[in-house]
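**Student:** Pasting the sequence and the predicted coordinates here, then a few questions.
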Amino acid sequence: MDIAALRAAHPDHWMKAAAIRALTLDAVAAANSGHSGMPMGMADVATVLFEKHMKFDAANPDWPDRDRFILSAGHGSMLLYSLLHLTGHADMTIDEIRNFRQWGAKTAGHPEYGHASGIETTTGPLGQGISNAVGFAMAEESLRARFGARLMDHYTYVIAGDGCLMEGVSQEAIGLAGRHQLSRLIVLWDNNNITIDGTVDLADCTDQVARFRASGWEVIEIDGHDPVAIDAALTAAKKSAQPTMIACKTHIALGHAAQDTSKGHGALTDAGQLAAAKAAYGWNYGPFEIPAEVKSAWEAIGRRGAAAHAEWQARLEASPKKAEIARIFARDVPARLSARIKALKKQISEEAPKVATRKSSEMVLEVVNPILPETIGGSADLSGSNNTRSGDMSVFDVDNRKGRYIHWGIREHGMAAAMNGMALHGGIRPYGGTFMCFTDYARPAMRLAALMKIPTVFVMTHDSIGLGEDGPTHQPVEHLAISRATPNTWVFRPCDTVETAEAWELALTSKETPSVLSLTRQNVPTLRRAHKAKNLTAQGAYVLAEAEGKRRAILLATGSEVAIAMAARDLLQAEGIGTRVVSMPCWELFEAQDETYRRRVLPAGPVRVAIEAGARFGWDRWLHGERGHRDKGDFVGMQGFGASAPAEVLYEKFGITAGAVAERVKALL
């Protein structure tokens, strides 16, 4: 690689790009940890993108109509941090760069959403960023259709590496983008042919150019170190009617002794080699030192979008849509949502339908979607089973960007990641459905929703052996426990339509917590017959039925098993055993209640039996803790996997019956 020729051909560009390379080398060396090679290899691409194409205003980084930049190859985080510092983002100071990867710094090892402005999503788990980007691009299309191009008109740019493209979720994402002709999505592939173990051909022989073209993308191949070619490719990409992948042939760790090797992927900390690389760049400055003229040039790039931002702000001020745009980007809901939910609850308590909670969910959506135009729903090819489409929703498609229902296809992971992208973009409240068992496929994106504190809603139906004949491959057992083990996640398992309505109200008003709705295939009775305006599910658990006479037992249950608990209570009360039933639709919210309330619901003394058609894992907290006792608690549920048979047979064979619960209580007494 003739670096001298590159420097000579484009000296101004070279010095701006060299600033990224130098900051990367210095920060990784100071931390003695990190990934140097990708930022060094993609510095030319990033410089041209930010200087000539990105629409952004560093002084107003949350401008809704800004272009979005997503670093899918999140291990190369110093590329992003360098760009943010150089362009003048106020919260990305040189001290943050110095403290790369240290406690309390905004400059985490991988970019984390919320740590600093300009970090659009949390990346690092490869494939997530490019998949989020599909959601960003869908959100832009939807909002442009709703509000017009004068208020919403921007691009989503992604830098992705070989690892991103090897992860399976990337195919789900690019297939969706191609199908939906997301022309505002532009992916810059860092085609450096290096992974941690060695060259790409150790593990892969995919023709990525052919793959993207086969998936409905425009593809442009360029030298990733030629600023003229980079500029021309980006210009062409913005004119395409398809999403575009620009294959940027680059050299990892450009100019370093580790260039074009797997060693170049990681932390390059040798002082002599670092100095030699800087000398090759013509960078004769100390650690973390940026010459004034280079910093000034970068800060001018950061200000370049200020005029466009001011013009946009003027259009917004003159628009009757100003208040609505402010509302949806603040994740506020209309005041009438609460009234609609209360009215539905009252109607259900009076009519007492016996329906599956997946149907209950549909009933709620029919009420709330018409007054929440920011919701976008969908399903991973299970619309008729998940009941996620309300009657007012048309299908989002190439010829109907106003559509609010997405057919995701059999792409649970891609769906979840794209929904996260929609939530991150702002202005959209996404929800999507599949079977509860297939949270396994969506799991990495569900975890990141929790980590990023975004309120994505995961509608998971067919939540137990109650789905019946499809058998153990489709019957969740451990999945509730896995979701409940995830920090900052609300897992709702409602027992009837009233609790389902309350769960949806909480999910749709959440601003920082994702929700998992665990819903039944089988019908369940309405148990909340006495209408209460208060959202009892917001307390996490509450007394559904009090003991008659001396309280000797407490039955705890969720979802479809609450009806079993109520039937067991009848059996026990008939024998003079005073029994309280506690419905626990959301453990996380119950745990957040104060000690006084939790003591009222779960007082010391009575024996406790929990009923749930899933794994016991986690239940001992409520059986033995919270004033309980190890020899006064038991569990009725699943001990292993399910089987293929009608639901009622399975409940009988696995011993999840009112009679079995009553016998457990009597044994404890």
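**Tutor:** In hand now; what should we look at? Numbering: from 1, shown residues only.
**Student:** Was I right to think Gly198 contacts Ser262?
**Tutor:** Yes - here Gly198 reaches Ser262: they are 5.1 Å apart, a contact under Cβ atoms under 8 Å. Bear in mind the C-beta positions are built from the backbone N, C-alpha and C, glycine included.
**Student:** quick one, which of the two is more surrounded?
**Tutor:** Using other Cβ atoms under 10 Å, the more surrounded residue of Gly198 and Ser262 is Ser262, with 16 against 13.
**Student:** List the contacts of the more buried one.
**Tutor:** 194-199 (Cβ atoms under 8 Å, 6 or more residues apart in numbering).
**Student:** So which of the residues you listed wins on neighbours?
**Tutor:** Going by other Cβ under 10 Å, Ile194 tops the contacts of Ser262 with 27 neighbours.
**Student:** Just give me the neighbour total for the residue lying closest to that residue once chain neighbours are set aside.
**Tutor:** In space, and not counting its chain neighbours, Ile194 is closest to Ile252: 4.8 Å by Cβ to Cβ, 6 or more residues apart in numbering. When counting by other Cβ under 10 Å, one arrives at 29 neighbours for Ile252.
**Student:** On the three-state scheme, Ile252 is what?
**Tutor:** coil (DSSP: H, G, I helix; E, B strand; the rest coil).
**Student:** what's it in contact with, if anything?
**Tutor:** Per Cβ under 8 Å, 6+ apart, neighbours of Ile252: 37-38, 40-41, 192, 194, 259-261, 264-265.
**Student:** Starting from Asp190, give me the distance back to it.
**Tutor:** 8 Å (Cβ to Cβ, to the nearest Å).
**Student:** Mind listing the shared neighbours of these two?
**Tutor:** 38, 41.
**Student:** Among the contacts of Ser262, which pair sits farthest apart?
**Tutor:** Ile196 and Thr199 (11.0 Å; Cβ to Cβ).
**Student:** Which residue ranges of the stretch 401-550 of the chain form helices?
**Tutor:** Here the stretch 401-550 of the chain has its helices, by DSSP state H, counting those that start in this stretch, at 412-425, 439-452, 479-484, 497-509.
**Student:** Can you name every helix or strand that the last one contacts?
**Tutor:** This points to helix 497-509. When contacts are defined as 3 or more Cβ pairs under 8 Å, 6 or more residues apart in numbering; DSSP states H and E, helix 497-509 packs onto helix 336-351, helix 357-368, strand 490-492, strand 515-518.
**Student:** and with 7 Å instead?
**Tutor:** Other helices and strands packing on helix 497-509, by 3 or more Cβ pairs under 7 Å, 6 or more residues apart in numbering; DSSP states H and E, are helix 336-351, helix 357-368, strand 515-518.
**Student:** ok so, going back, looking at the contacts of Ser262, which is nearest Asp570?
**Tutor:** Relative to Asp570, the closest of the contacts of Ser262 is Ile196; by Cβ to Cβ it sits at 61.4 Å.
**Student:** What separation do you get for the closest one and Lys263?
**Tutor:** For Ile196, the distance to Lys263 - Cβ to Cβ - is 10 Å.
**Student:** Identify all contacting residues around stretch 468-478.
**Tutor:** Stretch 468-478 has contacts (Cβ atoms under 7 Å, 6 or more residues apart in numbering) with 435-437, 462-465, 467, 614-615, 638, 641-647, 650.
**Student:** what are the C-alpha coordinates of stretch 255-270, in PDB please?
**Tutor:** Taking Å, rounded to 0.1, in the frame of the first residue of the first chain, the C-alpha atoms of stretch 255-270 are listed here in PDB:
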ATOM      1  CA  GLY A 255       0.100   1.800   7.700                       C
ATOM      2  CA  HIS A 256       0.800  -0.400  10.800                       C
ATOM      3  CA  ALA A 257       3.200  -3.300  11.000                       C
ATOM      4  CA  ALA A 258       0.100  -5.500  11.600                       C
ATOM      5  CA  GLN A 259      -1.600  -4.300   8.400                       C
ATOM      6  CA  ASP A 260      -3.600  -7.000   6.500                       C
ATOM      7  CA  THR A 261      -3.200  -9.500   9.400                       C
ATOM      8  CA  SER A 262      -5.500 -10.900  12.000                       C
ATOM      9  CA  LYS A 263      -3.300  -9.200  14.600                       C
ATOM     10  CA  GLY A 264      -4.400  -5.900  13.100                       C
ATOM     11  CA  HIS A 265      -7.900  -6.600  14.200                       C
ATOM     12  CA  GLY A 266      -7.200  -6.200  17.900                       C
ATOM     13  CA  ALA A 267      -5.300  -3.900  20.300                       C
ATOM     14  CA  LEU A 268      -2.100  -2.500  18.700                       C
ATOM     15  CA  THR A 269      -0.200  -1.300  21.600                       C
ATOM     16  CA  ASP A 270       3.500  -1.700  20.800                       C
END
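**Student:** Mind listing what's buried along it?
**Tutor:** For stretch 255-270, the neighbour count (16 or more other Cβ atoms under 10 Å) marks 255-260, 262-269 as buried.
**Student:** Which pair in those residues has the greatest spatial separation?
**Tutor:** Asp260 and Thr269 (18.6 Å).
**Student:** in which helix or strand would I find the nearest residue to Glu221 once chain neighbours are set aside?
**Tutor:** Leaving aside its sequence neighbours, Glu221 sits nearest to Ala247 (Cβ to Cβ, 6+ apart; 4.5 Å). Counting by DSSP states H and E, the element that carries Ala247 is strand 244-249.
**Student:** Low-confidence ranges, the protein, go.
**Tutor:** Filtered on pLDDT under 70, the chain yields no residues whatsoever.
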